[in-house]
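> pasted the sequence and its predicted model underneath.
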Amino acid sequence: MLRYRRLAAFADVVHLQWLTAPVLDVRLLPDRPLVLTAHDLLPREPRPGQVRAQRRLFDRVDALVVHSDYGRGQLVERLGVAPDKVHVIHHGAFEHVVASPAGALPSEVAGGAGPAVLFFGLLRPYKGLETLLRAWQGIDGAQLWIAGRPMMDLAPLRALATPSVRFVPRFVADGEVSALFTHADVVVLPYARTERFDQSGVLATALAFGKAVVLSDVGGFSEVAAAGAARLVTAADPAALRSALAALVSDRPMRDRLGAAALAAARGPYSWDEAARRTLELYERIRR
């Protein structure tokens, strides 16, 4: 951090994506115009003192970037951050994953029959996997792929799984990520409600691949659904999630329509070109 501080002393603007140890690093920030992207509105699994340190960091910077209007509201209304400090810049779609060479499907999911529904990402308690597995019970003629490194005990989840559920419980290499999203027919993010959550890199990947997406109504997800780029369901409601997934599994034209809308969002309001334009405008605004 000291080396970074020396280098940053020559910058017109310093843009931070995160700090490794906020309680210490906030004291070492360079005396330059500072922007922080608040990828997490607050730590999702906070350690002692971490929330206070992040709040001090929010006070210290000149501008905060969030990825949704929901995120802006959380910082302004719940945490009392000055409204003119918080700026909404959508998370760009991960087109680089689409452009990367696709490898083979993970062996754990290869060879299945029927449409494939993909859950991807670190396996954490707030991701709603129990809700997803309960929702999947009774859905026939399709596969459910759950892929990602476990950060929780999977034994209770495996007990809920039907034979059509395939787990890839490990780090997934880049080529496999591309293969999973290429071959998936639907991507599902059944996250539980939390005030700490804003947007998702998994959603950014699904948009870039033009996939039909089912989202829980949490964080900034409703704004993506409002653009027509995803289907929204009530969080922690297995029946609602089952209905949405069953409809998409059995209706390819519906999947195609949602996928086209996802791709349009990836090339428009959720493109990196749009994110870059807004970011440069912010830099110009805070330069000294």
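Noted; the coordinates are in hand.
> for the rest of this, base every contact and every neighbour count on C-alpha atoms.
Will do.
> could you point out the helix or strand that follows the one helix or strand in the chain whose mean pLDDT sits lowest?
Lowest mean confidence among the helices and strands of the chain (mean pLDDT, DSSP states H and E): helix 50-60, at a mean of 80. Using DSSP states H and E, the helix or strand that directly follows helix 50-60 along the chain is strand 63-66.
> tell me the strands beside that following strand, with direction?
strand 34-37 (parallel), strand 86-88 (parallel) (DSSP bridges).
> as CSV, the ones you listed with distance to Ser107 and mean pLDDT would be great.
As requested, the strands paired with strand 63-66 are exported to CSV (distance: least, Cα to Cα, whole Å; pLDDT from 0 to 100):
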stretch, distance to Ser107, mean pLDDT
strand 34-37, 37, 96
strand 86-88, 40, 97
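> pipe the ones you listed into TSV and attach mean neighbour count and distance to Lys211 per row.
Converted to TSV, the strands paired with strand 63-66 look like this (neighbours: other Cα atoms under 10 Å; distance: least, Cα to Cα, whole Å):
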stretch	mean neighbour count	distance to Lys211
strand 34-37	21	26
strand 86-88	21	24
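> got the ones you listed as a markdown table, with distance to Val97 columns?
Shown next, in a markdown table, are those (distance: least, Cα to Cα, whole Å):
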| stretch | distance to Val97 |
| --- | --- |
| strand 34-37 | 22 |
| strand 86-88 | 24 |
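> next, the buried residues of the least confident helix or strand of the chain.
Under the neighbour-count criterion of 16 or more other Cα atoms under 10 Å, helix 50-60 has Gln50, Val51, Ala53, Gln54, Arg55, Leu57, Phe58 buried.
> which one of those residues sits closest to Ala247?
Val51 (40.9 Å; Cα to Cα).
> I figured the closest one was touching Leu42, is that so?
Yes - the pair Val51 and Leu42 passes the contact test of Cα atoms under 8 Å, sitting 6.6 Å apart.
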